[in-house]
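Asks: below are the sequence and a predicted model for it; my questions follow.
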Amino acid sequence: MMGYYGFGGGFWMMGILIIVVVFVILFFFKENKGLGRDISLNKSTPMEILKERYAKGEITKEEFDDIKKDL
């Protein structure tokens, strides 16, 4: 009975390794929204950024109006 590891031995370890690799790949795609997409691109317009800054309280109403005139 030497060498008997029951129910396939190393095949179970290979199956677990494959499952772990699949989960790592799925996590990568979920976090990065797929390959080839540049997540650093900001597609907001200057006016949208200005409105966001005003809504967050980063700038005052006067600053908002002055910057809005410049845009």
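Replies: Received the coordinates, thanks.

Asks: contacts, neighbours, all on C-alpha from now
Replies: Noted.

Asks: roughly how far apart are Gly57 and Leu50?
Replies: 11 Å (Cα to Cα, to the nearest Å).

Asks: no wait, Ile18
Replies: Ile18 is 48 Å from Leu50, by Cα to Cα.

Asks: just to revisit the earlier point, Gly57 and Leu50: which is more packed in?
Replies: Ranked by neighbour count (other Cα atoms under 10 Å), Gly57 and Leu50 place Leu50 first, with 20 against 10.

Asks: and Ser44, helix, strand or coil?
Replies: coil (DSSP: H, G, I helix; E, B strand; the rest coil).

Asks: same check, this time on Arg53
Replies: helix.

Asks: hmm, it is touching Lys61, no?
Replies: No. Contact between Arg53 and Lys61 fails when scored by Cα atoms under 8 Å: they sit 10.7 Å apart.

Asks: who's more crowded, those two?
Replies: A side-by-side neighbour count of Arg53 and Lys61, using other Cα under 10 Å, places Arg53 first with 14 against 10.

Asks: contacting residues around the more buried one?
Replies: Counting by Cα atoms under 8 Å, 6 or more residues apart in numbering, Arg53 makes contact with Ile59.

Asks: can you show me the CA trace of stretch 52-62 as CSV?
Replies: Only the C-alpha atoms of stretch 52-62 are listed here, as CSV (Å, rounded to 0.1, in the frame of the first residue of the first chain):
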residue,chain,number,x,y,z
GLU,A,52,-17.7,69.1,-8.0
ARG,A,53,-15.2,71.3,-6.2
TYR,A,54,-17.9,73.8,-5.3
ALA,A,55,-20.3,71.0,-4.1
LYS,A,56,-17.5,69.6,-1.9
GLY,A,57,-16.9,73.0,-0.4
GLU,A,58,-13.4,73.3,-1.7
ILE,A,59,-14.1,76.7,-3.2
THR,A,60,-16.4,79.6,-2.2
LYS,A,61,-19.3,81.0,-4.3
GLU,A,62,-17.2,84.0,-5.3
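
Asks: so for that stretch, mean pLDDT?
Replies: Summarised as a single mean, pLDDT over stretch 52-62 is 93.

Asks: what strand or helix carries Phe64?
Replies: helix 61-70 (DSSP states H and E).

Asks: kind regards, and thank you for your time.
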